[in-house]
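# give me a model of this one.
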Amino acid sequence: MYALRVQGLEGEVRVLAQAGRFREGAERLIEGYGVEVFGYLVNNLGSHHDASDAFQETCLDVLQGLERFEWRASAR
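Sure, this is the predicted structure:
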């Protein structure tokens, strides 16, 4: 557990992904960055409804893509 605390959220997600726990890792990313991402979408799309749709698609992309993420850059 010590390594997880030192590495922060992205380190925790990376450890979960390396352990094959992709769904749990995706959930942690969404919990950690979801408010920020949703705010960005509302600000750029101009509509709460459109932002909700885009956020749902983004969450699905995170869930489906975490297994293939190469960790060369920040997940943020």
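# low-scoring stretches of the chain, by residue?
Applying pLDDT under 70 to the chain flags residues 1-6, 73-76.
# swap in 80 and give it another go.
For the chain, applying pLDDT under 80 flags the ranges 1-7, 70-76.
# contact partners of the biggest helix by length in the chain?
Determined from DSSP state H, the single longest helix within the chain is helix 22-45. The contact list for helix 22-45 (C-beta atoms under 8 Å, 6 or more residues apart in numbering) reads 9, 12-14, 16-17, 48, 50-51, 54-55, 58-59, 62-63, 66-67, 75-76. Where C-beta positions appear, they are placed from N, C-alpha and C, glycine not excepted.
# next secondary structure element downstream of it?
Moving toward the C-terminus from helix 22-45, the next helix or strand (DSSP states H and E) is helix 48-65.
# now, of the contacts of helix 22-45, which are buried?
Neighbour-count burial (16 or more other C-beta atoms under 10 Å) applied to the contacts of helix 22-45 gives 12-14, 16-17, 51, 54-55, 58-59, 62-63, 66, 75.
# got a markdown table for those residues, with distance to residue 39 too?
Putting the buried ones among the contacts of helix 22-45 into a markdown table (distance: C-beta to C-beta, whole Å) gives the following:
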| residue | distance to residue 39 |
| --- | --- |
| 12 | 23 |
| 13 | 20 |
| 14 | 25 |
| 16 | 25 |
| 17 | 25 |
| 51 | 9 |
| 54 | 12 |
| 55 | 10 |
| 58 | 13 |
| 59 | 15 |
| 62 | 17 |
| 63 | 21 |
| 66 | 22 |
| 75 | 18 |
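# mind checking how far the residue nearest the centre of the chain is from residue 10?
Centroid-nearest residue in the chain: residue 29, 3.1 Å away (criterion: C-alpha atoms, centre = their mean). Using C-beta to C-beta, to the nearest Å, residue 29 is found at 8 Å from residue 10.
# repeat for residue 17
Residue 17 sits at a distance of 10 Å from residue 10 (criterion: C-beta to C-beta).
# just give me the neighbour total for residue 33.
Counted by other C-beta atoms under 10 Å, the residues lying close to residue 33 total 17.
# next up, the contacts around residue 14.
By C-beta under 8 Å, 6+ apart, residue 14 lies in contact with 7, 25, 71.
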